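Student: Based on what follows, work out the 3D shape:
(one chain, ligands or ions: 2)
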Amino acid sequence: MIDRIQKREKAVLVGVCHQEQKKEQLLEYLDELSFLCSTAGAVPVKRFTQNLHHVDPATLIGKGKVQEIKKFIEEAGDINMVVFDDELSPSQQRNLEKELGKKVIDRTGLILDIFADRAQSAHAKTQVELAQYEYLLPRLMGMWTHLEKQRGGIGMRGPGETEIETDRRRVRKRIALLKERIEDIDRQMTTQRKNRGQLIRISLVGYTNAGKSTLMNLLSHSEVFAENALFATLDTTVRKVTFETTTFLLSDTVGFIRKLPTFLIEAFKSTLDEVREADVLMHVVDISHPNFEDQIKVVNQTLAELKVTDKPTILVFNKADAFHFRDEDGNELPTTIDDLKNSWIAKEHKESVFISAVGKQNINELRAVMLNKIRREYGIRYPYSIV
Ligand SMILES: Nc1nc2c(ncn2[C@@H]2O[C@H](COP(=O)(O)OP(=O)(O)OP(=O)(O)O)[C@@H](O)[C@H]2O)c(=O)[nH]1
Ligand SMILES: [Mg+2]
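Tutor: Ligands and ions are numbered 1, 2, ... in the order given. Prediction:
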């Protein structure tokens, strides 16, 4: 065990505070980056932040900050990588690696790494591979430069450039092949979905780690992998569920996160088909997270990007057991589901339900709300039958 911990890569985190941003927000973002880092198996050991009034096109952060990080890395001696919360252009990444003498990755690179580690099914693996190649393509040039350095650089320019072109062509070919494969899988999945008949479909959506899979397991008595880590789920699972006499399909899928790059959402489009084709969405929120309101916005924005709008939605505030209102001195007050129902949160978010999936609190109310929505949907779809 100790051996394993010692072998874990050590990471330095870097976040920048943009002009209109509050400092506390940046710190919360870095908490999330830190969580991503540990999910990927690295140990975050130090954080650097900078107020950014203007972006240095070469390195994103200013030269002074680069030197400060470099000094820390040299003194620490055992740092393996530097992780930026902001997206780095391929050339910024390259310049920073040169300057700092360590592997530099950005948030997207880190997320891709976690995705690659988590992908189980052939479908998820193909989608992740596609996203990885799309991320890699503009970065190939830099990789060759590193190689050139290793080999001394003399006489490498000509063949080097040819090599990059060959590599690029190879990567582009692979991307085309992966896209074809995904189309094939899509066709199979569309047929599968058609074969599922005319049942109403509810899709769990939400920020990563909100408790979607835990809720899925509770409502459908199944065993979907749930864990306190980001992106525990990468595939879509569908279960047939019956409440009283009403049967419907419940699906659980990949969670969303702030700054999910468009190409990654694109690559996961087919996994998200289930969400696109759902009749009702169940948006799960981790109310115990200090940034939960931000997370609601991110999920809504991502849904809009997927062109999933105007679907009847049940807003489920989960982890009520871990949520506490505070008194003026900041002390936690005992908080019940009823307190939450009478709070500003309930007033601000009409038609919401407060639950604890782990504590099994208020699940009956959630079932009743779901049943109501499902029966309404059946009523719209089959107006002449009695469900
Ligand atoms: N305290 C508390 N923890 C919960 C509750 N529901 C889920 N969790 C915990 O939150 C963590 C994440 O749960 P998951 O069900 O994996 O969350 P998810 O939304 O499926 O996450 P991803 O698949 O990673 O997007 C796990 O450690 C759960 O045990 C709850 O009601 N209360
Ligand atoms: Mg999950």
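Student: quick one: contacts for Asn362?
Tutor: Asn362 makes contacts with 320, 337, 353-356, as judged by Cβ atoms under 8 Å, 6 or more residues apart in numbering. All C-beta atoms are positioned from the backbone trio N, CA, C, and that covers glycine.
Student: Going along the chain, name the strands of this structure.
Tutor: 10-17, 43-51, 81-84, 103-106, 201-206, 237-243, 246-252, 280-286, 313-318, 352-354 (DSSP state E).
Student: Throw those into TSV and include mean neighbour count and mean pLDDT, thanks.
Tutor: As requested, the strands of the chain are arranged in TSV below (neighbours: other Cβ atoms under 10 Å; pLDDT from 0 to 100):
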stretch	mean neighbour count	mean pLDDT
strand 10-17	22	96
strand 43-51	16	95
strand 81-84	24	96
strand 103-106	21	93
strand 201-206	25	96
strand 237-243	16	91
strand 246-252	21	93
strand 280-286	23	98
strand 313-318	22	97
strand 352-354	24	97
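Student: Redo these as CSV? Include distance to ligand 2.
Tutor: Shown next, in CSV, are the strands of the chain (distance: least, Cβ to the ion, whole Å):
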stretch, distance to ligand 2
strand 10-17, 24
strand 43-51, 23
strand 81-84, 23
strand 103-106, 24
strand 201-206, 8
strand 237-243, 9
strand 246-252, 6
strand 280-286, 10
strand 313-318, 12
strand 352-354, 19
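Student: would JSON lines of the ones you listed with distance to ligand 1 be doable?
Tutor: Listed next are those as JSON lines, based on distance: least, Cβ to the nearest ligand atom, whole Å:
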{"stretch": "strand 10-17", "distance to ligand 1": "20"}
{"stretch": "strand 43-51", "distance to ligand 1": "19"}
{"stretch": "strand 81-84", "distance to ligand 1": "19"}
{"stretch": "strand 103-106", "distance to ligand 1": "20"}
{"stretch": "strand 201-206", "distance to ligand 1": "6"}
{"stretch": "strand 237-243", "distance to ligand 1": "10"}
{"stretch": "strand 246-252", "distance to ligand 1": "7"}
{"stretch": "strand 280-286", "distance to ligand 1": "6"}
{"stretch": "strand 313-318", "distance to ligand 1": "5"}
{"stretch": "strand 352-354", "distance to ligand 1": "10"}
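Student: Out of those strands, which is closest to Pro57?
Tutor: strand 10-17 (13.8 Å; Cβ to Cβ).
Student: In the sheet, which strands lie alongside the closest one, parallel or antiparallel?
Tutor: Using DSSP bridges, strand 10-17 pairs in its sheet with strand 43-51 (parallel), strand 81-84 (parallel).
Student: Now tell me what touches the shortest one from outside.
Tutor: Applying Cβ under 8 Å, 6+ apart, the external contacts of strand 81-84 come out as 9-15, 33, 37, 42, 44, 60, 69, 73, 96, 100, 102-107, 110.
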